[in-house]
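Novice: what follows is a predicted protein model with its sequence.
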Amino acid sequence: MRFEGDIPVKRVLISTIAFIALGVVLMTGAFAGNLDSLRGNATLSETNEAGDINQVIENGRFAVNYRQQPPLIPHKIEKYQINLKVNQCMRCHNWQYAAKEGAPKISETHYTDHRTGERMDDVVAARWNCTQCHVPQVDAKPLVENTFSK
């Protein structure tokens, strides 16, 4: 059986059946071995205790670890919106609102266009995405040993 301009249906059927058979062979080979999960050799009905949740430190700041380190954010920012039109960090940290809100004012470097050296009234577009450099502080144990020294 042939359709005009198409490859024979028989060839398509044989290719499809061969592909499915190959998939079945590969899947049975994967399940035949002895696999361990990241949980170890535990069954699905067993559960482990939940780990400690890292908390954001609301009062206080961590020490600076290196020169020119961007300050860490001492509060939660999970639901903050930052996109081309909106940056919710600006409602407290922009120079117009910082004193009233009791928040640290954004550095003057964020208002200077690095290409022209011109000082602007608003934050320069290159500095608009705060979370590119600033991250929330968390009292988390390091995943690996840190040998960094100043």
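Specialist: Noted; the coordinates are in hand. Numbers count the residues shown, from 1 in each chain.
Novice: could you tell me the end-to-end distance of stretch 118-125?
Specialist: Terminal residues of stretch 118-125 lie 13 Å apart, using CA to CA, to the nearest Å.
Novice: now it, how far from the chain's geometric center?
Specialist: Remark: stretch 118-125 is offset 27 Å from the chain centroid, using CA atoms, centre = their mean, to the nearest Å.
Novice: got the contact list for that stretch?
Specialist: Residues from elsewhere that reach stretch 118-125 (CB atoms under 8 Å, 6 or more residues apart in numbering): 87, 90, 94, 106, 108, 110-114. Every C-beta, even on glycine, is put in place using the N, C-alpha and C of the backbone.
Novice: put the buried members of those into a ChimeraX selection.
Specialist: Buried subset of the contacts of stretch 118-125, written as a ChimeraX selection, criterion 16 or more other CB atoms under 10 Å:
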select :87,90,94,106,110,111,112
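Novice: next, format the contacts of stretch 118-125 as TSV and append distance to Lys150, pLDDT and secondary structure.
Specialist: Below are the contacts of stretch 118-125 laid out as TSV (distance: CB to CB, whole Å; pLDDT from 0 to 100; DSSP: H, G, I helix; E, B strand; the rest coil):
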residue	distance to Lys150	pLDDT	secondary structure
Asn87	33	91	strand
Met90	33	92	helix
Asn94	32	91	coil
Ile106	26	90	coil
Glu108	26	89	helix
His110	26	92	helix
Tyr111	30	91	helix
Thr112	28	92	strand
Asp113	32	91	coil
His114	27	87	coil
